[in-house]
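Q: Fold the stuff below for me.
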Amino acid sequence: MERYKLSKDAEDDLKRLYRHGVLAFGLARADQYFDALFERFDQLAENPLLYRAVDDIRPGYRRSACGAHAIYYRITAGTVEIMRILGRENPDTQL
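A: Residues are numbered from 1 along each chain as shown. Here you go, the predicted structure:
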C-alpha cells in the first residue's frame, strides 16, 4: 500500500500538537515527537492491518497509539487515511 493522507482534522490536530509541544516541552522535543508521528504514519502505510480495528468507536476505523496520542485511521481505496490524532479527547465525540 505504502501511501497515506491526512484529513483536514488530522492536519489541524498536528498543528495543535506541535504548538503545544513547543510551548510545553521546547522545540527539540516537539520536533522529536512530530518526527515520531510521521514515522508511525509511514509504518501504517506499509502495514495498515498491524493495529486493531475499533469498529465499536467508528466502523472501519483502526487505532494506533503513538506516545501520548492515538492515531485513528481507515483504509480506503489503497490509501491509509489518517482521520484524527487524539490525546485525552473522547473519540466518541471527536470522530
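Q: residue farthest from the centroid of this protein?
A: Ranking residues of the chain by C-alpha distance from their mean position (Cα atoms, centre = their mean) puts residue 26 at the top, at 21.2 Å.
Q: For that residue, give me its contacts.
A: Contacts for residue 26 were tallied using Cβ atoms under 8 Å, 6 or more residues apart in numbering; there are none. C-beta coordinates here come from the backbone N, C-alpha and C atoms, glycine included.
Q: Provide the backbone phi and psi angles at it.
A: phi 100, psi 160 (degrees, to the nearest 10).
Q: Low-confidence regions, this protein specifically.
A: For the chain, the stretches with pLDDT under 70 are 1-2, 89-95.
Q: name the element residue 32 belongs to?
A: Here residue 32 is covered by helix 27-46, with elements defined by DSSP states H and E.
Q: ok, residues contacting that helix?
A: 1-4, 6, 14, 17-18, 21-22, 25, 50-51, 64, 66-67, 69, 71, 73, 80, 82, 85.
Q: Next secondary structure after that helix?
A: The C-terminal neighbour of helix 27-46 among helices and strands, as given by DSSP H and E, is strand 61-66.
Q: what are the C-alpha coordinates of that next one, in CSV please?
A: Taking C-alpha atoms only, strand 61-66 is exported to CSV below (Å, rounded to 0.1, in the frame of the first residue of the first chain):
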residue,chain,number,x,y,z
TYR,A,61,-11.5,2.7,11.8
ARG,A,62,-8.3,1.4,13.3
ARG,A,63,-6.2,2.9,16.2
SER,A,64,-2.5,3.1,16.7
ALA,A,65,-1.0,4.5,19.9
CYS,A,66,2.0,6.8,19.4
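Q: tell me which residues in whatever helix or strand comes next after that strand are buried?
A: Towards the C-terminus, the helix or strand next in line after strand 61-66, according to DSSP H and E, is strand 69-76. Buried residues in strand 69-76, defined by neighbour count with 16 or more other Cβ atoms under 10 Å: 69, 70, 71, 72, 73, 74, 75.
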